[in-house]
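*Asks:* For reference, the sequence and a predicted model appear below.
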Amino acid sequence: TLPVQRAIRFPRRLQAFVGHRFTEAVTPNLRHNLATLFSGYNIQLKYSDSDSPNGPVFQTILERIRKCDFAIFDDRETETRPNTLIEIGAAIALGKPHFYFKYENKRTILVDGRRERITTASDLAGMLFMPYREYDDLFREFAVRLPLFLLDRGLAETVE
């Protein structure tokens, strides 16, 4: 189980947009852990595939990011489909607070005859991110960091 900070409260129910690659290694594990942690805070999760979009998919994603209070992005398995990186850019442009889960065990590719690990886009290198290799370790750290993140951004307040 993940710890929930009981000394904070929310003036309203929060919504978090979650961007990630839809694969068997990512979707069930990431969503299970987020649902477990966020249920303790009554935070609603919104995914780009939550329901049928009413228009172009990217416009739907932008609208969901606009409406959310904060966002979470996981770049695991995005090496061949970097849509999540575009979504991170949209959140940055829209000024949305966000967490960036940076998977540290990306695939390797052949470059000039040498195997090199794929790295995060250099424009994102200076961002605040949470590096991880396994979801268990990531979510233990995320559970500790989430309350302060929410308090610092005015999304929660301390209980007196």
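*Replies:* Arrived safely. Numbering: from 1, shown residues only.
*Asks:* strand partners of the one helix or strand in the chain whose mean pLDDT sits lowest, parallel vs antiparallel please.
*Replies:* For the chain, scoring each helix and strand by mean pLDDT, DSSP states H and E identifies strand 108-111 as the least confident one, at a mean of 74. With DSSP bridges as the test, strand 108-111 is paired with strand 114-117 (antiparallel).
*Asks:* Mind exporting the C-alpha coordinates of the partner strand to PDB?
*Replies:* C-alpha atoms of strand 114-117 as PDB (Å, rounded to 0.1, in the frame of the first residue of the first chain):
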ATOM      1  CA  ARG A 114      28.200   1.400 -31.200                       C
ATOM      2  CA  ARG A 115      25.100   0.500 -29.000                       C
ATOM      3  CA  GLU A 116      23.800   3.500 -27.200                       C
ATOM      4  CA  ARG A 117      20.800   3.900 -24.900                       C
END
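*Asks:* Just give the number of residues close to the closest residue in space to Leu110 that isn't next to it in sequence.
*Replies:* Sequence neighbours aside, Glu116 is the residue nearest to Leu110 in space, at 7.9 Å (criterion: Cβ to Cβ, 6 or more residues apart in numbering). The way it works is simple: take the backbone N, C-alpha and C, and place the C-beta from them, glycine included. A total of 10 residues lie near Glu116 under the criterion other Cβ atoms under 10 Å.
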